[in-house]
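# Any chance you can model this:
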Amino acid sequence: MVIAIDESGSFAEGTETRHFFAAVHLRQRRTLYKLKQNQFLDWERSLSSALKNGRGEIKSSVLSDDELVKFTHRVMCAHPYVGITPFSIRPADNPKAIVDKHRAVQLAGIREGAREYSVEGKPDMAKRYQEFGNWFEKLSYVQYLKIVVLGECVTAAMVNAIGHSITGHYDEELTRMRFQIDRDFIREPVHNWFWHEVLRNQLWNSSKQNPIPLLKRWKQKGHPFLKKYSRSGQLDFNELFWKQCEFVTSHEHFEILIADAVSTIISRFFNQRRCAQAYRLIKKCFLADGKMQQLLLNDFDVNAYRYDPNDNPWKSSKRSDPKYENAVS
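Model (predicted):
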């Protein structure tokens, strides 16, 4: 399956509105994937050419509420349904002082990782981690918030994709899962490497509270997904997130344009009390418990924080063979 992700909102410090990342799940079996592309293109062709921008694409921000209702009928709710994993944050609930505390704890782990590589006689990795720490420390409030919410959306979307494929009996598509993310400020190759390290940390932490759903018979009888993404009895998604996860431009990928329209509908509903009809329709596509997840960074006493080497995913020993806990049901 293809999981395409786009955002809505500025994520600016102190704003009272909600800002979103939305992941849309498209079935990847060739006939179904092509059908969804044709549904989108047919809907797009029904719109006025005056709505197109200089690159020939139609951004959902210029569409009317009625046009977005037609989008939900003709694209989202037409067979096969497009699943949605939405994630939101309200900057006003996450003041910079609290954000800086969370960043400081993560930065301590990155710096410790750099120190370990240096002690182990791996100067290239030590230097890379020093650069990683410098980049991470200089991220703006907006950039940091976007990275955190994006990572949470990615990890939740992966869990939902696996769980829904099991209940929907199309788990044979899991080995071809791939992520497409609308290109924002992650543009340079080295920044892409840094972002993947942040994502790996989020996956590592998320698996503790929200383990990946697997079936007992997969472990007993084997499954292509486990064969591809397991090592020494543990899940390892390095290949998935390095080879099958990329930042792309919307004008070259209709999947991102679908995610863009979904993000616009959600944003208008929650922030402007508009698009009620379109929102009621796409809400039926929300995966898991069908609810909008909203991230809140909890406050804590940073002076009481004590570094725990066993709780640092950026330690060199954990990076060489990252582990993810299984939830076998």
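# The stretch 101-250 of the chain: helices as residue ranges?
In the stretch 101-250 of the chain, the helices defined using DSSP state H, counting those that start in this stretch lie at 123-138, 141-167, 189-209, 216-221, 224-228, 238-243.
# want to try JSON lines for these, with distance to Tyr117 as columns?
C-beta here means a position set from N, CA and C on the backbone, and glycine is covered the same way. What follows is those, written out as JSON lines (distance: least, Cβ to Cβ, whole Å):
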{"stretch": "helix 123-138", "distance to Tyr117": "4"}
{"stretch": "helix 141-167", "distance to Tyr117": "23"}
{"stretch": "helix 189-209", "distance to Tyr117": "13"}
{"stretch": "helix 216-221", "distance to Tyr117": "34"}
{"stretch": "helix 224-228", "distance to Tyr117": "29"}
{"stretch": "helix 238-243", "distance to Tyr117": "18"}
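# so can I have JSON lines of those showing distance to Asn53 and mean pLDDT?
Converted to JSON lines, these look like this (distance: least, Cβ to Cβ, whole Å; pLDDT from 0 to 100):
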{"stretch": "helix 123-138", "distance to Asn53": "31", "mean pLDDT": "94"}
{"stretch": "helix 141-167", "distance to Asn53": "22", "mean pLDDT": "93"}
{"stretch": "helix 189-209", "distance to Asn53": "26", "mean pLDDT": "82"}
{"stretch": "helix 216-221", "distance to Asn53": "45", "mean pLDDT": "84"}
{"stretch": "helix 224-228", "distance to Asn53": "39", "mean pLDDT": "90"}
{"stretch": "helix 238-243", "distance to Asn53": "31", "mean pLDDT": "86"}
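# okay, the ones you listed, which one's buried deepest?
For the helices of the stretch 101-250 of the chain, the largest average neighbour count (mean count of other Cβ atoms under 10 Å) is found in helix 141-167, namely a mean of 20.
# Just name whatever secondary elements it is in contact with.
strand 2-8, strand 19-26, strand 83-89, helix 96-119, strand 178-182, helix 189-209, strand 212-214, strand 293-295 (3 or more Cβ pairs under 8 Å, 6 or more residues apart in numbering; DSSP states H and E).
# How far away from the center of its chain is that helix?
Taking the mean of its C-alpha atoms, helix 141-167 sits 4 Å from the chain's own mean (Cα atoms, centre = their mean, to the nearest Å).
# Okay, now the unreliable bits of the stretch 201-329 of the chain?
In the predicted model, the stretch 201-329 of the chain carries pLDDT under 70 at residues 314-329.
# Count the residues that sit near Thr17.
By other Cβ atoms under 10 Å, 17 other residues sit near Thr17.
# Ok, Asp260 next?
Neighbourhood size, Asp260 [other Cβ under 10 Å]: 23.
# ok, Lys283 - contacts?
Neighbour list for Lys283: Gly290 [criterion: Cβ atoms under 8 Å, 6 or more residues apart in numbering].
# among the helices of the stretch 101-250 of the chain, which is nearest Asn271?
helix 141-167 (15.6 Å; Cβ to Cβ).
# Give me the angle between the closest one and strand 2-8.
Interaxial angle of helix 141-167 relative to strand 2-8 (axes from the mean of the first three to the mean of the last three Cα atoms, to 10 degrees): 150 degrees.
# Next, the angle strand 19-26 makes with helix 141-167.
Inter-element angle recorded for helix 141-167 and strand 19-26: 30 degrees (by the same axes, to 10 degrees).
# Do me a favour and get the end-to-end distance for stretch 179-196?
13 Å (Cα to Cα, to the nearest Å).
# For that stretch, give me every contacting residue.
2-7, 128, 131-132, 135-136, 143, 146-147, 150, 154, 157, 241-242, 244-250, 253, 255-256, 259-260.
# Any idea how far it is from the middle of the chain?
How far stretch 179-196 lies from its chain's middle: 12 Å, per Cα atoms, centre = their mean.
# which one of the helices and strands packed on helix 141-167 lies closest to Asn312?
Of these, nearest to Asn312 by Cβ to Cβ is helix 96-119, at 4.3 Å.
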